[in-house]
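Engineer: structure for the following, please:
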Amino acid sequence: MDDKIQGIAQRIRGMREDLEISVAEMAKLLETSESEYLEYESGKRDFPFTFLYKAASRFGLDISDLIAGSSPRLTVYTHVKKGRGLPIERRKGFKYHSLAYLFKNRLAEPFLVEAPYDEKADKGEILLSSHKGQEFDHILSGSLRVRIDDHEFIMNEGDSVYYDSSNKHGMVATGGRDCTFLAIVIKDFDGRMD
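Structural biologist: As a prediction, the model looks like this:
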């Protein structure tokens, strides 16, 4: 994993420098201090999922370019076999599997997400983030405690939610077991998710 983090960090630093974007601008965009941003860029910190989306959008890249170091090429369809999505471990134990990472110029990002149950996280405050666009989440197994701004609710197998993801939102597995869900992140009208 450390090699993967280092690779992503190098690509982010390289793009920022190539595009002549200041550390201050990136830190502001990513809602972090300049020193924290530099820790990410040097590979000392693992990347939150929203961080990668916002950085890729600012650079005019597909998120696959930052994560995998290669661009998607397919334009008619992409077929992903079970267990073959591009794995992304970008949020405190959550495992994201990109299900369309090979498709060029995606309007949405579909992910299979595995949220492990963690009693401490379930009992605590939910970590919130936001990004442009909209999101659809559908529970495949387990239960998820979801917070969108000041609204909090439990989702069970078969439940779904659609929301404006520019609102602060977050989720944790609940009910004593892991949760698996389909998350579809839809880009904003201008094609951005930052």
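
Engineer: please enumerate the helices of this protein.
Structural biologist: In the chain, the helices defined using DSSP state H lie at 2-18, 23-29, 34-41, 49-59, 63-68, 119-123.

Engineer: so what are the domain limits for the chain?
Structural biologist: 2-68, 86-186 (automatic domain parsing).

Engineer: correct me if wrong: Ala173 contacts Leu144.
Structural biologist: Yes: using CB atoms under 8 Å, Ala173 is in contact with Leu144, at 6.2 Å. (C-beta placed from N, C-alpha, C; glycine too.)

Engineer: out of the helices of the chain, nearest to Ser160?
Structural biologist: Closest to Ser160 of those is helix 49-59 (CB to CB; 19.7 Å).

Engineer: burial measure for Ala100, as a count.
Structural biologist: 21 (other CB atoms under 10 Å).

Engineer: hmm, Glu109 and it touching each other?
Structural biologist: Yes: look at Ala100 against Glu109 with CB under 8 Å: they come within range, at 6.8 Å.

Engineer: looking at this protein, which helix or strand is least sure?
Structural biologist: Least confident helix or strand of the chain, by mean pLDDT, DSSP states H and E, is strand 86-91 with a mean of 69.

Engineer: overlap of the contact sets of Ala173 and Leu144?
Structural biologist: By CB atoms under 8 Å, 6 or more residues apart in numbering, Ala173 and Leu144 have these common neighbours: Ala115, Cys179.

Engineer: and the residue most central in space within the chain, what's its pLDDT?
Structural biologist: Central residue of the chain (CA atoms, centre = their mean): Phe49, 3.1 Å from the mean position. You'll see Phe49 listed with a pLDDT of 75.

Engineer: could you do Asp190 as well?
Structural biologist: pLDDT, read off for Asp190, is 62.

Engineer: i'd like the first residue to be 45 from this point on
Structural biologist: Got it, the first residue is 45 from now on, which makes the last one we talked about Asp234.

Engineer: the closest residue in space to Lys139 that isn't next to it in sequence - how many residues pack around it?
Structural biologist: In space, and not counting its chain neighbours, Lys139 is closest to Glu158: 4.3 Å by CB to CB, 6 or more residues apart in numbering. Glu158 has 20 neighbouring residues, counting by other CB under 10 Å.

Engineer: likewise the one 3 residues further on?
Structural biologist: Counted with other CB under 10 Å, the neighbours of Tyr161 add up to 17.

Engineer: mind listing what the closest residue to it other than its chain neighbours touches?
Structural biologist: Distances taken as CB to CB, 6+ apart place Ala217 nearest to Tyr161, at 4.4 Å, with adjacent residues excluded. Counting by CB under 8 Å, 6+ apart, Ala217 touches Ala159, Pro160, Tyr161, Asp162, Ala165, Asp166, Gly186, Ser187, Leu188, Arg189, Cys223.

Engineer: okay, and which of these map to strands?
Structural biologist: Among those, the residues falling in strands (DSSP state E) are Ala159, Ser187, Leu188, Arg189, Cys223.

Engineer: TSV for the residues you listed, including pLDDT and distance to Ser173?
Structural biologist: Converted to TSV, the ones in strands among the contacts of Ala217 look like this (pLDDT from 0 to 100; distance: CB to CB, whole Å):
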residue	pLDDT	distance to Ser173
Ala159	95	15
Ser187	98	21
Leu188	97	15
Arg189	97	16
Cys223	98	18
